[in-house]
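Asker: Make a model of this:
(2 chains)
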Protein chains: 2
Amino acid sequence: MDVRPIGVFDSGIGGLTAVRQMIRLLPGEDIVYFGDTGRVPYGGRSAETIVRYARQDVAFLRSFDLKAIVIACGTVSTTSLSVLRQENALPILGVVGPAAKAAAAATLNGRIGVVGTKATIRSGAYESAIRALLPEAYLVPKACPLLVPLVEEGRVYPGDPVTERVAEEYLSSVRAEGVDTLVLGCTHYPLLHDVIAAYMGSGVTLIDTGEEAARAVMALLKERDMLGDAQRSGDRRYYASDSAEDFAAMASLFLGSDIAGRAEHVAIENY
Amino acid sequence: MDVRPIGVFDSGIGGLTAVRQMIRLLPGEDIVYFGDTGRVPYGGRSAETIVRYARQDVAFLRSFDLKAIVIACGTVSTTSLSVLRQENALPILGVVGPAAKAAAAATLNGRIGVVGTKATIRSGAYESAIRALLPEAYLVPKACPLLVPLVEEGRVYPGDPVTERVAEEYLSSVRAEGVDTLVLGCTHYPLLHDVIAAYMGSGVTLIDTGEEAARAVMALLKERDMLGDAQRSGDRRYYASDSAEDFAAMASLFLGSDIAGRAEHVAIENY
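Answerer: This is a model prediction of the structure:
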């Protein structure tokens, strides 16, 4: 048994969709979450800046004695995972590998769509990871930069005319390619699950990167005999680089539960 | 004559709409611009974080020997102007005062709309500044958080169905109040001039905060006899906290001219 916490970080609050799945699958685990809300979003920034920010995020999390780190951010996973692994001795999981594995397992016709931020799509990381598992896959990547601002405005519900129009614009070319699997390559997108599922149709499997990352953590901890005490309820601590109150106020949308008073501010530029 | 440069900063590239107007009105002035593209946007962040970032932006600009600073950012002008003035001995102009003056002068019916980011509208700064000049003014403030992402996607042209729909959503309540003047309280919004003007109708005067700030700088320099050499063409230097190449690539949309190769990176967290 290993009762040390798991560290999770994201450029902002989106990574809480992964935490939500971790709490569901691994209710006994302690979790330390850091959201870089003072510098969010990472998606449009250069690779050099993303790596620099990601190093600071990891340095802060490692001020705790962790057993593993989950990068619950598509942008960081696609740009910085190998660097962070080289520089840190503990297990680090990104969201790309687990989602690629799930997509390769789910597709029947070998046609897979990938949606994400500009930086994620530009990196080609999901495509490379899927091709490594399924060399004959036909991949349809699509950057969807307006979806994150729409989610952060809470405009996530079917029937919202702007969100439906934007989703249709981005997804029409993906749907037209006949994909049967779509990787939601950004932690904000699970909140748009219903809008995206309705547009893509029932024949398309949506891959939730946060859920797949949570499954991968569970598998890793089991394999290395590092699971915590399943008999108790895990402790969760939340940190943000902008206002803790603002973080807590937004968190419930992503986490599905209230964390009022349980978030703290951290000056990330000091790490 | 004072040939020292004018410093201009913004959370990102939006402030270049003010630089564009300064170049038009004051072609002989040297300008040093800093865009905090590594931490943009400021609009949704807490006041404490915005003040901290603004202090660093000013500290970097002051590594040059400047005659004045223009805060070409609605969010910083509304949250941090008085603090920055207290801490710095040179003249500092924000975008709020000049735009409020122009709006108070332009209105005939005393009904004035104000659009901006969440932080700008939450601050109530435009309303206070207009009321100080025109106590009986009827003000209609409206936060428009999706307009900045739309501009940054280049979706600024009349006929774009998403931009038109979003603009209509935000502006319908403002238009319904019968305003005859609308303050575009964000440096991104001049790029949406045509979309906003078409929706508001020809009877509504749009106030461009960048243009009013440029006029205010001109007035200040004249008044204090600090104008530069009008016989020559001013030198302009551009700095960004994220990739200089990305900055230069986006800049032309805002500036109306190309600055390829004339932007440099600066590590703003060191200031």
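
Asker: residue contacts, the residue lying closest to residue A:268 once chain neighbours are set aside?
Answerer: Using C-beta to C-beta, 6 or more residues apart in numbering or on different chains and skipping the chain neighbours, the partner closest in space to residue A:268 is residue A:241 (4.2 Å). Using the backbone N, CA and C atoms, a C-beta is placed for each residue, glycine as well. The contact partners of residue A:241, by C-beta atoms under 8 Å, 6 or more residues apart in numbering or on different chains, come to A:34, A:35, A:36, A:37, A:38, A:39, A:265, A:266, A:267, A:268, B:49.

Asker: Put together JSON lines for those, with pLDDT on each row.
Answerer: JSON lines is the format used below for the contacts of residue A:241 (pLDDT from 0 to 100):
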{"residue": "A:34", "pLDDT": "98"}
{"residue": "A:35", "pLDDT": "98"}
{"residue": "A:36", "pLDDT": "97"}
{"residue": "A:37", "pLDDT": "95"}
{"residue": "A:38", "pLDDT": "94"}
{"residue": "A:39", "pLDDT": "94"}
{"residue": "A:265", "pLDDT": "97"}
{"residue": "A:266", "pLDDT": "97"}
{"residue": "A:267", "pLDDT": "95"}
{"residue": "A:268", "pLDDT": "96"}
{"residue": "B:49", "pLDDT": "94"}
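
Asker: which residue sits closest to the residue in the stretch 151-271 of chain A that chain B sits nearest to, ignoring its sequence neighbours?
Answerer: Here the residue of the stretch 151-271 of chain A nearest chain B is residue A:243; by C-beta to the nearest C-beta that distance is 3.6 Å. Nearest non-adjacent residue to residue A:243, counting by C-beta to C-beta, 6+ apart: residue B:46, 3.6 Å away.

Asker: Neighbours of the one you found, how many?
Answerer: Neighbour count of residue B:46, defined by other C-beta atoms under 10 Å in any protein chain shown: 20.

Asker: Is it in contact with residue A:242, as I believe?
Answerer: Yes - contact criterion C-beta atoms under 8 Å: residue B:46 and residue A:242 qualify, at 5.4 Å.

Asker: does residue A:232 sit in a helix, a strand or a coil?
Answerer: In three-state terms, and counting by DSSP: H, G, I helix; E, B strand; the rest coil, residue A:232 is coil.

Asker: So what's the residue count around it?
Answerer: Residue A:232 is flanked by 12 other residues according to other C-beta under 10 Å.

Asker: residues in contact with it?
Answerer: residue A:28.

Asker: Pop out the phi and psi values for the residue of the stretch 151-271 of chain A closest to chain B.
Answerer: For residue A:243, the backbone dihedrals (degrees, to the nearest 10) come out as phi -50, psi 130.

Asker: which residues touch it?
Answerer: Contacts of residue A:243 by C-beta under 8 Å, 6+ apart are A:37, A:265, B:45, B:46, B:48, B:49.

Asker: what are the phi and psi angles of the residue lying closest to residue A:153 once chain neighbours are set aside?
Answerer: Spatial nearest neighbour of residue A:153, chain neighbours left out: residue B:145 (5.9 Å); criterion: C-beta to C-beta, 6+ apart. Main-chain dihedrals, residue B:145, degrees, to the nearest 10: phi -60, psi -20.

Asker: quick one on the thing from earlier: could the contacts of residue A:241 be laid out in CSV, adding neighbour count?
Answerer: Converted to CSV, the contacts of residue A:241 look like this (neighbours: other C-beta atoms under 10 Å in any protein chain shown):
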residue, neighbour count
A:34, 26
A:35, 31
A:36, 27
A:37, 27
A:38, 23
A:39, 24
A:265, 19
A:266, 20
A:267, 11
A:268, 23
B:49, 22
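
Asker: between these, which is nearest residue B:228?
Answerer: residue B:49 (34.6 Å; C-beta to C-beta).

Asker: Phi, psi for the closest one please.
Answerer: Here is the backbone geometry of residue B:49 (degrees, to the nearest 10): phi -70, psi -40.

Asker: OK, contacts around it?
Answerer: Residue B:49 makes contact with A:38, A:241, A:242, A:243, B:42 under the criterion C-beta under 8 Å, 6+ apart.
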